[in-house]
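Chemist: Got a predicted model here, sequence first, then my questions.
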Amino acid sequence: MGQLSQAAAPVFKTTSMKTPDPFDGNQAHKLRGFIQSWNMIFHNDPENFFSDRKKFLYSTSFLTGRAGKCIEPYLSDMSNEDPSYLLNNCQLFETQLFTLFGDPNEVRKAEQELDNLRMK
């Protein structure tokens, strides 16, 4: 008898996903959603986003205003290949965005919202 071949597990991939809304740095509460939206794209299309540099370049194309201005110096130094350089390190890039534009009281606000829900 012939062997049954096992089909590969289906891979979730869409032909196109919604692009992230631009982020200008003025609304801290939108930062987490901005980052989550491009991370979903990266995870959905790893063939195109196989390096931190590609991820950085894609995500920075959606930065405008203050946020875009802060990134300009890094874009002018594309030859730097040091792994610890912001352009080559997505984790560092995310951390920097949260440091510069995130809500420093995000955790406390979430705790207060939970407390308010419990009191009702």
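Modeler: That came through fine.

Chemist: and residue 46, helix, strand or coil?
Modeler: Using DSSP: H, G, I helix; E, B strand; the rest coil as the criterion, the local structure at residue 46 reads coil.

Chemist: quick one: buried residues of the host helix or strand of residue 95?
Modeler: According to DSSP states H and E, residue 95 maps onto helix 90-101. For helix 90-101, burial by neighbour count (16 or more other CB atoms under 10 Å) applies to 90, 92-94, 96-98, 101. The C-beta positions use only the backbone N, C-alpha and C, and glycine is treated the same way.

Chemist: what about the residue nearest to residue 65 when sequence neighbours are not counted, neighbour count?
Modeler: The spatial neighbour of residue 65 that comes closest, neighbours along the chain excluded (CB to CB, 6 or more residues apart in numbering), is residue 24 at 3.2 Å. With neighbours defined by other CB atoms under 10 Å, the count for residue 24 comes to 16.

Chemist: show me the residues around residue 24 that make contact.
Modeler: Each residue near residue 24 by CB atoms under 8 Å, 6 or more residues apart in numbering is listed here: 63-68.
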